[in-house]
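[1] Let me see the structure of the following:
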Amino acid sequence: MAARIDRLVTSGTFSLDGGTWDVDNNVWIVGDDEDAIVIDAAHDAEAILAALGGRRLRAIVCTHAHNDHIDAAPALAARTGATIHLHPDDLPLWQRTHPDSAPDAELADGQVLTIAGTDLTVLHTPGHAPGAVCLHAPALGAVFTGDTLFQGGPGATGRSFSDFPTIVGSIRDRLLTLPPETKVLTGHGEPTTIGDEAPHLDEWIRRGH
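    This is a model prediction of the structure:
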């Protein structure tokens with residue numbers, strides 16, 4: 001059976017630089033009826049377990065290490081035996097949330113993760129966070145962008161560890177080069193497509209998010 005994509009929305013808080021905000025996060029589950037991976041274990045390990053529905057969880061892949069995307073990762077890993085994968089440039093952020101644990105494996109640009117016969121290629125897309133990555137699944141016509149690209153523009157770069165010119169470069173060079181029909185499955189909010197976002201690059205630069 002070919003891999004499919006399931007979406008779960010969980011709620012909690014995001015904290016950085018002394019502020020805390022209520023947020024809703026997208027948790028993406030990619031797999032078939034037997035095996036799956038979770039992209040961003042946000043807020044609620046029990047809800048993610050329920051959404052898995054008894055499938056074997058092979059890996060928890062973190063698009064970046066802001067607390068709202070990783071807060072449930074250790075608990076989910078403990079319950080399932082899944083390994084946690086994170087780009088090493090985001091370890092300083094990980095340690096702010098989980099000082100007594102570490103991810104199991106490092107993500108690298110160009111690395112290919114395979115689940116249910118479907119390849120997901122890791123694209124290192126710094127800017128929102130130093131170790132931010134996106135996961136491109138050509139067979140599914142989708143790219144999982146975490147907080148790098150949303151419907152309407154780049155992710156926020158007004159806080160520590162972020163940089164606006166860097167995120168714009170990542171989006172321009174790594175994402176907008178994908179086929180225009182590619183679905184953009186984001187860390188928060190509703191999906192979009194590469195074709196819908198690409199025409200607005202110059203506008204984002206002028207706006208200077």
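[2] where does Ala198 land in three-state SS?
    helix (DSSP: H, G, I helix; E, B strand; the rest coil).
[3] List the residues that contact it.
    By C-beta atoms under 8 Å, 6 or more residues apart in numbering, the contact list for Ala198 reads 176, 180. (C-beta placed from N, C-alpha, C; glycine too.)
[4] List the residues that contact Leu16.
    Counting by C-beta under 8 Å, 6+ apart, Leu16 touches 66-67, 159-160.
[5] Looking at the residues you listed, which is nearest Ile167?
    Ile167 has its nearest neighbour among the contacts of Leu16 in Arg159, at 12.2 Å by C-beta to C-beta.
[6] Pull the contacting residues for the closest one.
    Taking C-beta under 8 Å, 6+ apart as the contact definition, Arg159 lies against 16-17.
[7] how near is it to His66?
    9 Å (C-beta to C-beta, to the nearest Å).
[8] cool, Thr192 as well?
    Counting by C-beta to C-beta - Thr192 and His66 are separated by 20 Å.
[9] neighbour-wise, which of those two wins?
    His66 (32 against 19; other C-beta atoms under 10 Å).
[10] just the strands in the protein please.
    In the chain, the strands defined using DSSP state E lie at 4-16, 19-31, 35-39, 56-61, 83-86, 105-106, 112-115, 118-124, 133-137, 142-146, 149-150, 153-154, 183-186, 192-193.
[11] a markdown table for these, including distance to Ala75 and mean pLDDT?
    Converted to a markdown table, the strands of the chain look like this (distance: least, C-beta to C-beta, whole Å; pLDDT from 0 to 100):
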| stretch | distance to Ala75 | mean pLDDT |
| --- | --- | --- |
| strand 4-16 | 13 | 98 |
| strand 19-31 | 13 | 98 |
| strand 35-39 | 12 | 98 |
| strand 56-61 | 10 | 98 |
| strand 83-86 | 11 | 98 |
| strand 105-106 | 18 | 98 |
| strand 112-115 | 21 | 98 |
| strand 118-124 | 23 | 98 |
| strand 133-137 | 22 | 98 |
| strand 142-146 | 20 | 98 |
| strand 149-150 | 27 | 98 |
| strand 153-154 | 30 | 96 |
| strand 183-186 | 23 | 98 |
| strand 192-193 | 31 | 98 |
